[in-house]
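No sequence on hand, only this structure:
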C-alpha cells in the first residue's frame, strides 16, 4: 500500500461548482499534510497545509483533515477554468520524508 | 522575496555521463530537498539537507548524491547516467527541517533528458 493515495481522475467540474478532492494515507504518514497544485509543465505550488483535525479555509480553498479515518480532502469553491490542474496531496512520514500521492487531475469546464 | 531558483532549466546528457544540478533556496530557508518527477512514478523524494547535513534519503541508488553549502545553496549530482534518469528534478526549500512539518516551496525544476 502506498503511503498517500489519490484518485487520478480526471475530475470534471462545471465552472462555478465545488470541486471535491480526496486523499487517504497510511499509518506511516501521520504528521503534516499539504495540498499542492501543479499546472502542466510547471512545478508544484503550495496551496495549503493542515496539521490538526478539522477544517482550514483560505480563500476559495478548504482543507479538511480527519485523522481517525485517515483522510484529508480539498474543496475548491466557485471553480474557475484557471483551477484546471493536477492537485497533489502530500504527507510527512515519521522519518521526516515528504510522501506525495499520484495527483488528481481537475478539469473545469465552462 | 525571490523564490527558489534552479539551474540549469534544461539539460541533455548522454548515457554514462554525470550531471550536477544547482538550487538556491528562498532567502532565510535552511532546508533543501530534492525530488524526481516522472510520468510513471510521480514525485519521489531524493534527499533533504539541513545545515549542510543530509537528514533523509529516499530509495535511490548511490549514483544520486547531493550536498549543501554554508549559504544553504545545494547541488545534486547524478553519476553514470541511465536512460531512466530522464525526469524533472525539483528542488524545494523550507525554513526548517521536514520533520518539523515545515511548508516547502518548489523551484521551477531542471528538465534532464538522457539520450
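Here it is on my side, so go on. What you are looking at is a predicted structure, and each value in this text was computed from that prediction instead of being measured.

how about the residue in chain A that chain B sits nearest to, what does it touch?
Residue of chain A nearest chain B, by CB to the nearest CB: residue A:96 (3.0 Å). Every residue, glycine included, has its C-beta placed from N, CA and C. Contacts for residue A:96 (CB atoms under 8 Å, 6 or more residues apart in numbering or on different chains) come out as B:48, B:55, B:56, B:97, B:98, B:99.

Identify the residues contacting the last one.
Contacts of residue B:99 were listed using CB under 8 Å, 6+ apart, and they are A:31, A:92, A:95, A:96, B:55.

quick one: what helix or strand has residue B:48 in it?
For residue B:48, the host element (DSSP states H and E) is strand B:42-50.

Check which helices and strands that strand sits against.
Strand B:42-50 sits against strand A:98-100, strand B:31-38, strand B:53-57, strand B:64-68, strand B:74-78, with contacts defined as 3 or more CB pairs under 8 Å, 6 or more residues apart in numbering or on different chains; DSSP states H and E.

about what we covered before: phi first, then psi, for the residue lying closest to the residue of chain A closest to chain B once chain neighbours are set aside.
The shortest distance from residue A:96 to any non-neighbouring residue, by CB to CB, 6 or more residues apart in numbering or on different chains, is to residue B:99 (3.0 Å). Reported as degrees, to the nearest 10, the phi and psi values for residue B:99 are phi -70, psi 0.

in terms of contact, does residue A:14 touch residue A:106 like I think?
No: applying CB atoms under 8 Å as the test, residue A:14 and residue A:106 come out as separate, 11.8 Å apart.

Looking at these two, which has the bigger crowd around it?
Using other CB atoms under 10 Å in any protein chain shown, the more surrounded residue of residue A:14 and residue A:106 is residue A:106, with 21 against 11.

circling back to that earlier point, report the set of residues contacting both of residue A:14 and residue A:106.
residue A:79.

Any figure for the gap between whatever residue of chain B ends up closest to chain A and residue B:31?
Distance from chain A to each residue of chain B (CB to the nearest CB) is smallest for residue B:99, at 3.0 Å. Computed as CB to CB, to the nearest Å, the residue B:99 to residue B:31 distance reads 10 Å.

and if you look at residue A:43?
Going from residue A:43 to residue B:31 by CB to CB gives 17 Å.

go on, residue B:45?
In this view, residue B:45 and residue B:31 are 13 Å apart by CB to CB.

list residues touching both of the two?
The overlap between the contact sets of residue B:45 and residue B:31 (CB under 8 Å, 6+ apart) is empty.

is it true that residue A:82 lies in a helix?
Yes: counting by DSSP: H, G, I helix; E, B strand; the rest coil, residue A:82 is found in a helix.

shaky segments in chain B?
Residues of chain B meeting the criterion pLDDT under 70: B:1.

quick one: contacts for the residue nearest the centre of it?
Among the residues of chain B, the one closest to the centroid is residue B:34, at 2.9 Å (CA atoms, centre = their mean). Shown in contact with residue B:34 (CB under 8 Å, 6+ apart): B:23, B:45, B:46, B:47, B:48, B:66, B:74, B:76, B:89, B:90, B:91, B:92.

Now do the nearest residue to it once chain neighbours are set aside against residue A:21, distance only.
For residue B:34, ignoring the flanking residues on the chain, the nearest one in space by CB to CB, 6+ apart is residue B:46 at 4.1 Å. The spacing between residue B:46 and residue A:21, counted by CB to CB, is 26 Å.
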